[in-house]
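# Here is a sequence with its predicted model. Questions after.
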Amino acid sequence: MRIMLNHRILSRFHDRLKASTHGRHDWLESFDWDPARLTEAIADVDVYVGSKLRAEDARRAERLRLVHVVGAGYDGIPMDALHPGVTVATTHHHGRSIAEHVLMSVLMLSRDVLGADRALRAGRWRNVAVDPTLPFGTTLRGRRVGVVGFGETGTEVARLCQAVGMRVRAVRRDPSAPFPADLRPDWIGGNDRLPELLADSDVVVVTVPLNAATEGLIGPAELAAMGPEALLVNVARGPVVQEEALYRALSSGTIAGAALDVWWSGPPEAPSRLPFHDLPNVLMTPHHSGHTADTFAARATEIADNIDRLERGDALGNVVRAPAAAGSTATAPPSPARAVPHDE
């Protein structure tokens, strides 16, 4: 089969992809191609691996059998433009990497690592031994973490927080859905219990997808409910939290601090129209919490396995759009979560 790999990050794992598919296929690495070259080549492609596909290219790809998204979100794939026989599959494996980033961020904010680092780089020792006015840092044992969304990322966050002695509570769309047996949350409620979770948590971690129901979910009232000692960590999507409301809450002391790995715009634009970079109580990272070798090595292995399954005629994993039966029209899946335009 001819496979087009159009993903800058996953291309760094091309040896694993080719080895896992036993070198049987013709691979085209197109992440740095100009649009015209890609459009010309895609007509002869059987499998497209990438997170974005233009509608005109999807319509031209009459030979295409599989679009394999490099991540969980498929909002960059024009489902309606694909031919009926095309399968669309996704891959995950980001939960543990993001959860470790969350735990790191909470520790950094709890110990004011950023402030201590800035001071020492400027030649000043900044600790309670030399400055009795400084507040003490806090440990995590016994602190309450509220997780908004309890899917792959949310449950991994809960697992690591639980391991260091934090008490977990969560809200999710379906509170009756099963969760891993090793987790021992204080409680799991529906989204209607969000105000209770915010008021009852020392740390709030946002992991929900961005959709019509979650856009602007955390605003002035929700931030005020958290209280002046609380921390917010957003690893979901920037617009789940209201931009101006968060800036005001951080600059006024409504909440103690925030770790932001997701923003309201993507490269090459600035992450926000507001000067979050001027606030000393904000940890800023460039949407890279899931960018570990472990995440993408596992994704490469799973994508290669699905390509092998396609070649053998076996059922594929993580299918979000099945091919239509002969003579019928493919049914589009529910609208996916929207994403800011950069790789995840």
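Yes, it's here.
# so Ala19 is in which element?
Assigned by DSSP states H and E, Ala19 falls within helix 14-20.
# what's in contact with stretch 94-110?
By CB atoms under 8 Å, 6 or more residues apart in numbering, the list of residues contacting stretch 94-110 from outside reads 71-72, 113-114, 137-140, 145, 152-153, 155-157, 159-161, 164, 203, 205, 207, 231, 233, 235, 256-259, 261, 281, 283, 285, 289-292, 294-295, 344. Heads up, the C-betas are built off the backbone N, CA and C, glycines and all.
# just stretch 111-121 next, same as before
Identification of contacts with stretch 111-121 by CB under 8 Å, 6+ apart yields 107-108, 125-127, 137-138, 280, 283.
# Please repeat the previous calculation with a cut-off of 6 Å.
126, 137 (CB atoms under 6 Å, 6 or more residues apart in numbering).
# same deal with stretch 143-160?
Applying CB under 6 Å, 6+ apart, the contact partners of stretch 143-160 are 92, 95-96, 98-99, 102-103, 161, 166-172, 180, 183, 197, 201-208.
# Give me the subset of these lying in strands.
Taking DSSP state E, the ones among these that sit in strands are 167-171, 203-206.
# For the stretch 1-150 of the chain, just list every one of the helices.
For the stretch 1-150 of the chain, the helices defined by DSSP state H, counting those that start in this stretch occupy 14-20, 35-41, 55-60, 95-110, 113-121.
# Give me the mean pLDDT for the shortest one.
In this case it means helix 55-60. Averaging pLDDT along helix 55-60 gives 98.
# got the buried residues for it?
57-58, 60 (16 or more other CB atoms under 10 Å).
# same check, this time on the longest one
Along helix 95-110, the positions that meet the burial threshold by neighbour count (16+ other CB under 10 Å) are 95-106, 108-110.
# How about the second one?
Residues of helix 35-41 classed as buried by neighbour count (16+ other CB under 10 Å): 38, 41.
# how distant is that helix from the center of its chain?
29 Å (CA atoms, centre = their mean, to the nearest Å).
# Now do the contacts for Met199.
Check again: residue 199 is Ala, not Met. Contacts of Ala199 (CB under 6 Å, 6+ apart): Ala225.
# Residues contacting the one helix or strand in the chain whose mean pLDDT sits lowest, please?
For the chain, counting by mean pLDDT, DSSP states H and E, helix 14-20 ranks last in confidence among helices and strands (a mean of 91). When contacts are defined by CB under 6 Å, 6+ apart, helix 14-20 is touched by residues 300-301, 304.
# ok, 7 Å please
Contact partners of helix 14-20, identified using CB atoms under 7 Å, 6 or more residues apart in numbering, comprise 5, 27, 29, 297, 300-301, 303-304.
# where in this structure is pLDDT low?
Low-confidence segments of the chain (pLDDT under 70): 326-344.
# Which helix runs longest in it?
When the chain is parsed with DSSP state H, its longest helix is helix 293-312.
# what's downstream of that helix, the next helix or strand?
strand 319-321.
# Tell me how many other residues surround the closest residue to Asn191 other than its chain neighbours.
Spatial nearest neighbour of Asn191, chain neighbours left out: Val171 (5.5 Å); criterion: CB to CB, 6 or more residues apart in numbering. Counted by other CB atoms under 10 Å, the residues lying close to Val171 total 24.
# residues in contact with Val171?
Taking CB under 7 Å, 6+ apart as the criterion, Val171 is in contact with 148, 189-191, 193-194, 197.
# what bridges to it?
Beta-bridge partners for Val171, by DSSP bridges, are Val148, Gly189.
# Dump the helices of the stretch 1-150 of the chain into a markdown table; add distance to Asp131 as well.
As requested, the helices of the stretch 1-150 of the chain are arranged in a markdown table below (distance: least, CB to CB, whole Å):
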| stretch | distance to Asp131 |
| --- | --- |
| helix 14-20 | 50 |
| helix 35-41 | 57 |
| helix 55-60 | 59 |
| helix 95-110 | 18 |
| helix 113-121 | 10 |
